[in-house]
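Trainee: Give me the fold of what follows.
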Amino acid sequence: MRVGITGHRGLGKQTEEMVKTALRRELEAFEPTELCIVSCIADGPDAWAAEAALDFGGRIEVVIPAVQYRQGLPKEHHATYDRLISIAAEVHETGMVESTDRAHMAGSEILVGLVDQLIAVWDGQPARGYGGTGDVVAYARSMGVPVTVVWPDGASRD
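Mentor: Okay, the predicted model is just below:
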């Protein structure tokens, strides 16, 4: 079972803990040996879901939106990114170089095309920029990919 992950980055510490707990609860429903998380492994929900799947005995596949993608992630996340990509069962690339909104959406489109369902850590609001979580959810739904929204009571952005 391939499960994609998308979600808001930059969540506060309290929301982070609630989301991590909710993600683990969602992933516990899957048979660990059959679980594969497909993720762009950005800081936040992308990496949290990948790490949880690995903790449960699942595997991960990584989608890299652009050659320069890692450079655009927070420096403190680089070690986690490097570790996760090094143990990925497969790595998929868009072929784009610059880490732009267009590249991020292209990566998300590849991700959606690979999965049986999508988990979205999403507040239900429209994307703040092209390729944001709301856009990825809309794309997945338009492609007939089931979407499970994870947004715990009390969670907030900013």
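
Trainee: for this protein, which spans come out with low pLDDT?
Mentor: Residue ranges of the chain with pLDDT under 70: none are present.

Trainee: can you give me the helices for it?
Mentor: Here the chain has its helices, by DSSP state H, at 13-27, 45-55, 78-86, 101-114, 133-142.

Trainee: Ranking those by mean neighbour count, which comes first?
Mentor: helix 45-55 (a mean of 22; mean count of other Cβ atoms under 10 Å). To be clear about C-beta, it is placed using only N, CA and C from the backbone, and glycine gets the same treatment.

Trainee: Tell me which of the helices of the chain sits nearest to Ala66.
Mentor: Smallest distance to Ala66 across these (Cβ to Cβ): 4.0 Å, for helix 101-114.

Trainee: Could you give the number of residues near His8?
Mentor: Burial of His8 is recorded as 23 neighbouring residues (other Cβ atoms under 10 Å).

Trainee: For the remainder of this discussion, apply numbering that starts at 672.
Mentor: From this message on, residue numbering opens at 672, which makes the last subject His679.

Trainee: Could you measure from it over to Gln796?
Mentor: Distance from His679 to Gln796, counting by Cβ to Cβ, to the nearest Å: 9 Å.

Trainee: how about the spatially closest residue to Leu694 that is not a sequence neighbour, what does it touch?
Mentor: The shortest distance from Leu694 to any non-neighbouring residue, by Cβ to Cβ, 6 or more residues apart in numbering, is to Ala720 (5.3 Å). Going by Cβ atoms under 8 Å, 6 or more residues apart in numbering, Ala720 touches Val674, Ile676, Gly678, Leu694, Leu698, Ile708, Ser710, Ile790.

Trainee: now, which of the residues you listed sits nearest Ile756?
Mentor: For the contacts of Ala720, the nearest to Ile756 is Ser710 (10.1 Å; Cβ to Cβ).

Trainee: Run through the bridge partners of the closest one.
Mentor: Val733 (DSSP bridges).

Trainee: cool, and Thr819?
Mentor: With DSSP bridges as the rule, Thr819 is bridged to Ile790.
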